[in-house]
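**Student:** starting from these lines, generate the structure:
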Amino acid sequence: MVAETLPPLNERIAHVRELLRTATDFMVPWDYFHDELAMRADFMSVGERGESELIDTAIEEVLKRFGLIVRPGSSMLTIHIPEYGFWHGIRHLGVKTGIFFFDDSLGQGLLGVMQDLTGGSVDLFRFTTVPLGQPGSVFPMNARRGGPPQ
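**Tutor:** Numbers count the residues shown, from 1 in each chain. Below you'll find the predicted structure:
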C-alpha cells in the first residue's frame, strides 16, 4: 500500500483561496475546503475560538437578503486560524444550520445552509466584507446542491 502524499499545506491554502475567488460552481471551493483543510489536523489544530463582528454582520446580511434567520440566543461556534487567515464556524438558523469559512486576505467567505448535517441539499452563498464598489467586492450569490428549493 502506498501512502497518500498531500500537497503542502501552503499549496492547499493557496488553492482554496483561488477557488473561493474565482468559482462559479460554489461546490468546488466548499468541497475542497472541507476535504483538504477542515478535516486536516495540521490546519484546524492551530485554530482557536474567536469572534468577528465583521463576519457576523456579513452573514446576517446574506441571511436577511434570502429570508433566513439566526435563532436568537443560539450558540455560534467560530474557530479563527490566525496563522493562515481563515475562519470556520457554525450558525443555528431557525430549523436550518449554517456552516461557513472565510478568508481574511480576500475578505470573502462561503456560507452553506442546510436542513441537517447528514449530507442532504445545501444552499451556498459567497459573501464579502469588502465594501461594494471596492476592488474585490462581489454581490452575495447563491447556488444549490441537490433537491428542490426548501
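**Student:** and the strands in this structure, which stretches?
**Tutor:** 48-49, 77-81, 86-93, 96-103, 108-114, 122-128, 141-145 (DSSP state E).
**Student:** would TSV of these with mean neighbour count and distance to D42 be doable?
**Tutor:** Heads up, the C-betas are built off the backbone N, CA and C, glycines and all. Converted to TSV, these look like this (neighbours: other C-beta atoms under 10 Å; distance: least, C-beta to C-beta, whole Å):
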stretch	mean neighbour count	distance to D42
strand 48-49	9	15
strand 77-81	18	11
strand 86-93	20	13
strand 96-103	21	16
strand 108-114	23	21
strand 122-128	22	26
strand 141-145	15	28
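**Student:** show me what stretch 48-61 is in contact with.
**Tutor:** By C-beta atoms under 8 Å, 6 or more residues apart in numbering, the residues outside stretch 48-61 that reach it are 70, 76-82, 87, 91, 98, 100, 102, 109, 111, 127-129, 140.
**Student:** nearest to A23, out of the strands of the chain?
**Tutor:** Nearest to A23, of all these, is strand 122-128, at 7.6 Å by C-beta to C-beta.
**Student:** just want the angle from the closest one to strand 96-103.
**Tutor:** If you take axes from the mean of the first three to the mean of the last three C-alpha atoms, to 10 degrees, strand 122-128 sits at 40 degrees to strand 96-103.
**Student:** against which helices or strands is strand 122-128 packed?
**Tutor:** Strand 122-128 makes packing contacts with helix 27-33, helix 53-65, strand 108-114, strand 141-145 when contacts are defined by 3 or more C-beta pairs under 8 Å, 6 or more residues apart in numbering; DSSP states H and E.
**Student:** mind checking which of the ones you listed is nearest E11?
**Tutor:** Of all these, helix 27-33 comes closest under C-beta to C-beta, at 12.0 Å.
**Student:** on that earlier part again, adding mean pLDDT and distance to A41, write the helices and strands packed on strand 122-128 out as CSV.
**Tutor:** CSV is the format used below for those (pLDDT from 0 to 100; distance: least, C-beta to C-beta, whole Å):
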stretch, mean pLDDT, distance to A41
helix 27-33, 95, 15
helix 53-65, 87, 24
strand 108-114, 93, 22
strand 141-145, 47, 27
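**Student:** which one of these lies nearest to I13?
**Tutor:** Using C-beta to C-beta, these put helix 27-33 closest to I13, at 9.7 Å.
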